[in-house]
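A.B. asks: Pasted the sequence and its predicted model underneath.
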Amino acid sequence: MSRVYRPQHVWIDRQVVDSPITANVVRQLAAVPMDVIDGPPPLPAPADQAALMTLAKKHLYLTAQKGRFVRDCPGASSRATDERLCCGYVIVDTVSNCNYDCTYCYLQSYINTPYLTVYANIDRLFEEVTAFLRARPHQLVRMGSGEFSDSLSLDPLTGFSGLLVPFIRQFPNVLFELKTKSDLVEGLLDVEPRGRVMVSWSINPQSVVQREEHKTAPLAARLRAAQRCLEAGYKIGLHFDPLLHFPGWEDVYEPFVKQVFQAVDPRAVTTMSMGSLRFAPDLKDVVQARFPKSRLMTAELFPSDDGKIRYFRPLRAEMYAKMWGWIRRYAPDAPLYLCMETQTLWQQTFGHAPSCSADVEQHIQTGKIPLLVT
Ligand code: SF4
């Protein structure tokens with residue numbers, strides 16, 4: 001099992017002292033120094049982003065979400081979305097920053113606070129989600145909490161999933177995704193999700209996990225956790241993301257695909273996606289400072305039209321085509337989509353391309369996630 005996070009210090013905003021999330025954290029981290037404060041933690045904010053990020057992983061701050069919990073995925077509002085297709089996802093922002101430490105994590109150039117923030121005012125979260133879903137009774141809303149953190153890496157501390165699942169399963173028009181690189185699913189197993197919750201795993205070959213996905217669960221443990229969730233009634237998803245290119249990558253990724261589908265029946269997987277390494281330009285310096293041994297940033301990487309840095313397009317096309325060829329051997333009807341990629345690359349990979357982002361949404365939903373099942 002992946003190790004449970006243990007911060008150096010817990011800071012509790014007085015506004016959330018009565019939250020059940022706070023009560024769970026206090027119980028689980030009784031031996032860790034804790035302070036109740038008014039306002040943000042009194043910590044220095046290093047000007048150097050790499051130093052700030054390293055400090056931020058050591059401090060846990062429980063506070064109230066003062067902005068909106070629910071918003072559109074950044075892909076929907078990024079530049080060049082006519083060509084670059086987005087999947088119509090809705091983000092639920094419950095945690096900001098992550099206790100895991102993946103080399104390529106975009107949060108390293110995004111986070112600007114020297115702590116990991118958990119939004120503990122869960123009552124308001126539930127009010128906002130209720131209003132959002134009730135306003136869309138005829139639409140299947142795909143929402144998830146894994147955009148600015150790992151959805152389950154703090155779950156043994158916060159008990160969030162044990163509160164979320166009984167709440168979310170009352171809505172017939174939602175599929176709530178918990179996206180993780182952990183195997184911390186104990187909090188889910190005794191709660192019946194009634195088809196409304198999907199647990200999904202971002203997966204990479206074990207050698208990549210060891211080299212680039214620090215502190216996360218091993219691949220085999222993630223796949224075992226997926227099997228346990230399936231048996232407990234959860235939908236599951238697999239994200240082959242980010243695919244990384246390095247000399248001999250095919251010799252690593254082909255057996256990896258086989259390992260995945262030997263552990264998990266592909267017919268039981270609700271959604272699958274593929275994406276390749278992508279990041280904002282200012283991530284490169286932070287990664288080189290924090291992970292000087294990583295070869296990730298020595299690859300040939302180029303700016304795309306949306307401002308992100310990616311592998312050269314022909315190389316991405318080759319990687320997707322080979323991956324789809326290997327996946328197809330086990331899962332010819334896989335509900336596979338490309339994450340934040342262009343129509344051209346969809347065409348080159350699958351031989352067809354959705355004409356717009358709404359088609360991507362339909363592609364993902366086709367027949368797999370019935371609306372209004374109670
Ligand atoms: S698990 Fe996700 S959010 Fe956490 S460090 Fe890795 S990439 Fe970032």
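C.D. replies: All right, it came through fine. Treat the numbers as computed from the prediction; the structure is a model and nothing was measured.

A.B. asks: Around the ligand, pick out the residues from the stretch 101-250 of the chain.
C.D. replies: The stretch 101-250 of the chain comes close to the ligand at residues 101-102, 105, 107, 149-150, 181, 216, as judged by CB under 6 Å from any ligand atom. C-beta: built from backbone N, CA, C; applies to glycine.

A.B. asks: Roughly how far does residue 224 sit from the ligand?
C.D. replies: Relative to the ligand, residue 224 is positioned 18 Å away (CB to the nearest ligand atom, to the nearest Å).

A.B. asks: next one: residue 297
C.D. replies: Note on residue 297: its distance to the ligand, by CB to the nearest ligand atom, is 15 Å.

A.B. asks: Could you count how many residues lie near that residue?
C.D. replies: 18 (other CB atoms under 10 Å).

A.B. asks: and it, what is it in contact with?
C.D. replies: With contacts defined as CB atoms under 8 Å, 6 or more residues apart in numbering, the neighbours of residue 297 are 284, 287-288.

A.B. asks: now that we have those, which one has the most neighbours?
C.D. replies: Counting neighbours by other CB under 10 Å, the top entry in the contacts of residue 297 is residue 287, with 21 neighbours.

A.B. asks: In three-state terms, label it for me.
C.D. replies: helix (DSSP: H, G, I helix; E, B strand; the rest coil).

A.B. asks: Which residue lies nearest to it in three dimensions, sequence-adjacent residues excluded?
C.D. replies: Excluding the flanking residues, the one nearest residue 287 by CB to CB, 6 or more residues apart in numbering is residue 297, at 5.5 Å.

A.B. asks: On the three-state scheme, that neighbour is what?
C.D. replies: helix.

A.B. asks: That one and residue 285: what is the separation?
C.D. replies: Look at residue 297 and residue 285: by CB to CB, to the nearest Å, they are 9 Å apart.

A.B. asks: can you dump the C-alpha coordinates of the helix or strand containing residue 257 into PDB?
C.D. replies: For residue 257, the host element (DSSP states H and E) is helix 249-263. Provided in PDB are the C-alpha atoms of helix 249-263 (Å, rounded to 0.1, in the frame of the first residue of the first chain):
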ATOM      1  CA  TRP A 249      10.100   3.200 -25.000                       C
ATOM      2  CA  GLU A 250       8.200   0.600 -27.100                       C
ATOM      3  CA  ASP A 251      10.000  -2.300 -25.300                       C
ATOM      4  CA  VAL A 252       8.600  -0.900 -22.000                       C
ATOM      5  CA  TYR A 253       5.100   0.200 -23.000                       C
ATOM      6  CA  GLU A 254       4.100  -2.900 -25.000                       C
ATOM      7  CA  PRO A 255       4.500  -5.300 -22.100                       C
ATOM      8  CA  PHE A 256       3.000  -2.700 -19.800                       C
ATOM      9  CA  VAL A 257      -0.300  -2.700 -21.800                       C
ATOM     10  CA  LYS A 258      -0.300  -6.500 -21.500                       C
ATOM     11  CA  GLN A 259       0.300  -6.300 -17.800                       C
ATOM     12  CA  VAL A 260      -2.600  -3.800 -17.400                       C
ATOM     13  CA  PHE A 261      -5.100  -6.000 -19.200                       C
ATOM     14  CA  GLN A 262      -4.000  -9.200 -17.500                       C
ATOM     15  CA  ALA A 263      -4.900  -7.500 -14.200                       C
END
